[in-house]
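> this is the structure alone, sequence omitted:
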């Protein structure tokens, strides 16, 4: 057995142990032996030319399947292209696996072609790093920093030039090793007790729950019997038993209700009110999440505990009548403003929520789309699942992540901003490798980064500085759609929308800027 064969066998031992079955591959000469072995082995492979897009697609697959997925690259700067998705996986606590081919360690620090310093390149953003390389005697050696959680990992595979065939055909996948994160400290248990011992009105902020987590969340919330403000990604909309606990009105309702305790269930919320809790140390905050991050920088009166704490049955809350009244008044104002400004961005979200079909998969883009959807969208159809990248809150890789999340869905919608779509224009490359489905890429084109016009302190900037911040443009998304063979529609009025397009279609929506400004002026006034 030659050295590369031994190394690749060792690699497969590790991927099998983790239960990796899907591989997103970006080909290069350095990783050709790995690719050949994967093909012979019959692995599920999707091929990409853009490493960044491949990594975010793999992240989407992890997000939906909850199983580890690998992205495989060649050496050199290709490895660095994975970093944004690795960061996102870190903050979502998702097992994205980066498998990077590398030149032998004798090239380290030499400046030879395709020989950058790949070992440890992802730093603290991966929970495990593994180096696989040949020994001088033809065997292999492993340098392993152990698996600490379910977050991302990096396997750096050092290969000699050349390629062997047949290495994969004789290796049947082995059973995976089960594991779960362990991060409940004594301090966290103390915070858990203090949170429930204290009096004061309680609100639950729910976001970023995988559909498989909903039953446990539902049972906990029914026992708790406290008011809930649920974002779309909480996926609680189908739970009729929780309807009496749900509050509408979003930010304004939270500001008006005087809550003294906040229980965060799932991911970090998109509400600005959550971020303002940084300076509200008198409000006690507890997070119950699949990830170990508290979501706030302050430590006073803030704690985080694992998802398993939902099984605690002794907790009990109390529904706030003040919050119920405030929510009803604010929801009525919201409905009136949407009716008065039918071409505004929030009104478009209300309309889109009404035409998305039963059992569809919906991915909400960061920046304005997810905030406007959570504020203004109506009740979705039964079975609709919502996803978003809320780990680092960035706009990178959103189209690719959506394609990964919805790869097996029969109906899939992406609602994304214009700059976010531009950031990921290579993403549709993978469409020809996915099953046929009804796919809608809805681009809310408001001509730039308009979220910056909503940030209060940025209003102090000069008009020239604001222009730099917003990146204004007059681009159409029709050429992008045509480039990838997608159908295209331009809408400026929701009354013109007819959902009878081809299997994959780009909908460019251009909201009315004056109506959008009028909506926000009245809503925030």
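That came through, no problem. In this text the structure is predicted, and so the values were computed from the model without any measurement.

> quick check: the gap between the spatially most central residue of the chain and residue 262.
Closest residue to the average C-alpha location of the chain: residue 389 at 2.1 Å, with C-alpha atoms, centre = their mean. As judged by C-beta to C-beta, to the nearest Å, residue 389 and residue 262 stand 23 Å apart. (Each C-beta comes from the backbone N, C-alpha and C, glycine too.)

> repeat for residue 101
As for residue 101, its distance to residue 262 is 46 Å (criterion: C-beta to C-beta).

> now do residue 330
Distance from residue 330 to residue 262, by C-beta to C-beta: 18 Å.

> before we move on, what about residue 204?
Taking C-beta to C-beta as the measure, residue 204 falls 8 Å from residue 262.

> shaky segments in this protein?
1-2, 135-142, 145-149, 163-188, 313-314, 317-322 (pLDDT under 70).

> sorry, back to before: settle it for me: which of residue 330 and residue 262 has more neighbours?
Between residue 330 and residue 262, counted using other C-beta atoms under 10 Å, the more crowded position is residue 262 (26 against 22).

> is it true that residue 415 touches residue 352?
Yes - Residue 415 is within contact range of residue 352, at 6.5 Å (criterion: C-beta atoms under 8 Å).

> overlap in contacts of these two?
residue 442 (C-beta atoms under 8 Å, 6 or more residues apart in numbering).

> show me which of those two is the more surrounded one.
Shown here are residue 415 and residue 352; by other C-beta under 10 Å, residue 415 has more neighbours (28 against 25).

> who touches the more buried one in this structure?
Residues near residue 415 by C-beta under 8 Å, 6+ apart: 349, 352, 362-365, 369, 373, 442, 444.

> ok, of those residues, which one's closest to residue 493?
residue 352 (13.4 Å; C-beta to C-beta).

> so who does the closest one touch?
377, 413, 415, 442.

> among those residues, which one lies nearest to residue 6?
Nearest to residue 6 among the contacts of residue 352, with distances taken as C-beta to C-beta, is residue 413, at 46.6 Å.

> how about the secondary structure of that closest one?
strand (DSSP: H, G, I helix; E, B strand; the rest coil).

> just checking, it touches residue 363?
Yes - counting by C-beta under 8 Å, residue 363 is a contact partner of residue 413 at 7.1 Å.

> these two: who's more crowded?
Each of residue 413 and residue 363 has its neighbours counted (other C-beta under 10 Å); residue 363 has more, 28 against 25.

> give me the neighbour count for residue 422.
Residue 422 is flanked by 17 other residues according to other C-beta under 10 Å.

> ditto for residue 244
Residues near residue 244, counting by other C-beta under 10 Å: 11.

> would you agree it falls within a strand?
No - looking at residue 244 with three-state DSSP, it is helix, so not inside a strand.

> from residue 225, how far off is it?
Taken as C-beta to C-beta, the span from residue 244 to residue 225 is 9 Å.

> please, where are all the helices along the stretch 251-400 of the chain?
272-276, 321-340, 345-355, 368-376, 398-405 (DSSP state H, counting those that start in this stretch).

> now residue 405: how far from residue 439?
Taken as C-beta to C-beta, the span from residue 405 to residue 439 is 12 Å.

> need the residues touching each of those two.
Counting by C-beta under 8 Å, 6+ apart, the contacts common to residue 405 and residue 439 are residue 412.

> coming back round to it: of the contacts of residue 415, which is the nearest to residue 128?
Minimum distance to residue 128 across the contacts of residue 415 is 28.0 Å, recorded for residue 363 (C-beta to C-beta).

> looks like the closest one contacts residue 397 (just checking).
No - the pair residue 363 / residue 397 is not scored as a contact, 11.4 Å apart, by C-beta under 8 Å.

> what sits against residue 497?
Listed by C-beta under 8 Å, 6+ apart, the contact set of residue 497 reads 351, 355, 491, 507.

> and which of the residues you listed is nearest to residue 286?
Nearest member of those to residue 286, counting by C-beta to C-beta, is residue 351, at 36.6 Å.

> any idea what sits nearest the closest one, other than its immediate chain neighbours?
Counting by C-beta to C-beta, 6 or more residues apart in numbering, residue 494 is the residue found nearest to residue 351 once chain neighbours are left out, at 4.1 Å.

> count of neighbours near the one you found?
17.

> that one touches residue 347, doesn't it?
Yes - contact criterion C-beta under 8 Å: residue 494 and residue 347 qualify, at 7.3 Å.

> give me the contacts around the helix or strand harbouring residue 508.
Taking DSSP states H and E as the criterion, residue 508 maps to strand 504-509. Strand 504-509 is contacted from outside by 348, 428, 431, 437, 439-445, 476-478, 480-481, 485-492, 497, using C-beta under 8 Å, 6+ apart.

> can you list the strands that that strand pairs with?
Paired neighbours of strand 504-509 in the sheet (DSSP bridges): strand 438-444 (parallel), strand 487-491 (parallel).

> any buried residues in whichever helix or strand comes after the longest one, and which?
Meaning strand 438-444. Downstream of strand 438-444, the first helix or strand assigned by DSSP H and E is helix 463-470. Applying a neighbour-count criterion of 16 or more other C-beta atoms under 10 Å, one finds 466, 469-470 buried in helix 463-470.

> re earlier: tell me what the helix or strand following the strand holding residue 508 is packed against?
Counting by DSSP H and E, the element after strand 504-509 in chain order, helix or strand, is helix 513-524. Other helices and strands packing on helix 513-524, by 3 or more C-beta pairs under 8 Å, 6 or more residues apart in numbering; DSSP states H and E, are helix 321-340, helix 345-355.

> now helix 513-524, how far from the centre of its chain.
Once both centres are worked out by C-alpha atoms, centre = their mean, to the nearest Å, helix 513-524 turns out to sit 29 Å from its chain's centre.

> buried stuff in it?
Judged by neighbour count using 16+ other C-beta under 10 Å, the buried positions of helix 513-524 are 515-516, 519-520, 523.
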